[in-house]
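A.B. asks: give me the fold of what follows.
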Amino acid sequence: MRARRAAGWTAAAAAGAGLLHLAPAAVRLDRVRRVAARATAGFGAAGHVALTFDDGPDPRSTPYVLDALDELGVHATFFLLGAALERAPGLGRELVARGHEVAVHGWHHRVQWYPAPRRDLGEVRRTAAAVTELCGARPLWYRPPYGVLTTGLALAARRCGLRTVLWTAWGRDWTERSTPESVYATARPGLAGGATLLLHDSDCTSAPGSWRSALGALPLLVGHCREAGLTVGPLRDHGPLGGRGR
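C.D. replies: Numbering: from 1, shown residues only. Below you'll find the predicted structure:
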């Protein structure tokens, strides 16, 4: 009886720890983002839209995105994977040289479902150090893979001096059936003042070639924002996060 009771308490404690670990992931829910977690969601200045890219740098695709941004006269924030940056350090330096902002997305693109504070801190710290060393710029922002924020990752980012930012609009550009038109149509309703837009400059965790959908949508997205009187740029120009936007 005592053994069964002890096993029950152990299981309950493990379940409680798991729930606590995953509790911050609720910020992905639209209502939570808009009401209780506006800063983490990325709501910023009323006249600005923050343009962000995840999963790079990727020599096969990121240079095309950089050229398109140059043509549009727009800078963005790139959330980098440490493993990808290690394979293409020159591209990381080019991001900064061309006026873009670099940030931390983790070493590998995977969800850390189980609590492991030491692991979480080590991965975030390792990636932040790689971004600083290889890109030549200290990162200010952190975005967890898939947007799944856990307690361990949130605390790790804070200990590394990073602010966690997710997104308020996306184009679903990672799917096999995505097109520039579908990305634009999906993202457009969320492109009000203060929005943070998520796109991808790599298909390393997406359907092969899907990055071309984001690339083709860029002129449409930027044009829409400008027609609405909104400026488009990196998170560093997004003003105090947590604002009410337009």
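A.B. asks: can you map out the helices along this protein?
C.D. replies: With DSSP state H as the criterion, the chain has helices at 2-22, 30-35, 38-41, 62-72, 82-87, 89-97, 117-135, 151-159, 180-187, 211-227.
A.B. asks: can I get the shortest one as CSV, trimmed to CA atoms?
C.D. replies: Extracted in CSV, the C-alpha atoms of helix 38-41 (Å, rounded to 0.1, in the frame of the first residue of the first chain):
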residue,chain,number,x,y,z
ARG,A,38,1.4,41.2,-25.6
ALA,A,39,5.1,41.8,-25.1
THR,A,40,6.1,38.2,-25.6
ALA,A,41,3.8,38.0,-28.7
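A.B. asks: for that helix, what is the distance to the chain centroid?
C.D. replies: With Cα atoms, centre = their mean, to the nearest Å as the basis, helix 38-41 stands 12 Å off its chain's centre.
A.B. asks: circling back: okay if I get the helices of the chain as JSON lines plus mean pLDDT?
C.D. replies: Converted to JSON lines, the helices of the chain look like this (pLDDT from 0 to 100):
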{"stretch": "helix 2-22", "mean pLDDT": "46"}
{"stretch": "helix 30-35", "mean pLDDT": "58"}
{"stretch": "helix 38-41", "mean pLDDT": "90"}
{"stretch": "helix 62-72", "mean pLDDT": "98"}
{"stretch": "helix 82-87", "mean pLDDT": "97"}
{"stretch": "helix 89-97", "mean pLDDT": "98"}
{"stretch": "helix 117-135", "mean pLDDT": "96"}
{"stretch": "helix 151-159", "mean pLDDT": "94"}
{"stretch": "helix 180-187", "mean pLDDT": "98"}
{"stretch": "helix 211-227", "mean pLDDT": "98"}
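A.B. asks: JSON lines for those, including mean neighbour count and distance to Ala195?
C.D. replies: Placement of C-beta: from N, CA and C, glycine included. JSON lines is the format used below for those (neighbours: other Cβ atoms under 10 Å; distance: least, Cβ to Cβ, whole Å):
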{"stretch": "helix 2-22", "mean neighbour count": "11", "distance to Ala195": "26"}
{"stretch": "helix 30-35", "mean neighbour count": "13", "distance to Ala195": "11"}
{"stretch": "helix 38-41", "mean neighbour count": "20", "distance to Ala195": "10"}
{"stretch": "helix 62-72", "mean neighbour count": "18", "distance to Ala195": "17"}
{"stretch": "helix 82-87", "mean neighbour count": "18", "distance to Ala195": "26"}
{"stretch": "helix 89-97", "mean neighbour count": "18", "distance to Ala195": "22"}
{"stretch": "helix 117-135", "mean neighbour count": "19", "distance to Ala195": "24"}
{"stretch": "helix 151-159", "mean neighbour count": "20", "distance to Ala195": "22"}
{"stretch": "helix 180-187", "mean neighbour count": "19", "distance to Ala195": "9"}
{"stretch": "helix 211-227", "mean neighbour count": "20", "distance to Ala195": "9"}
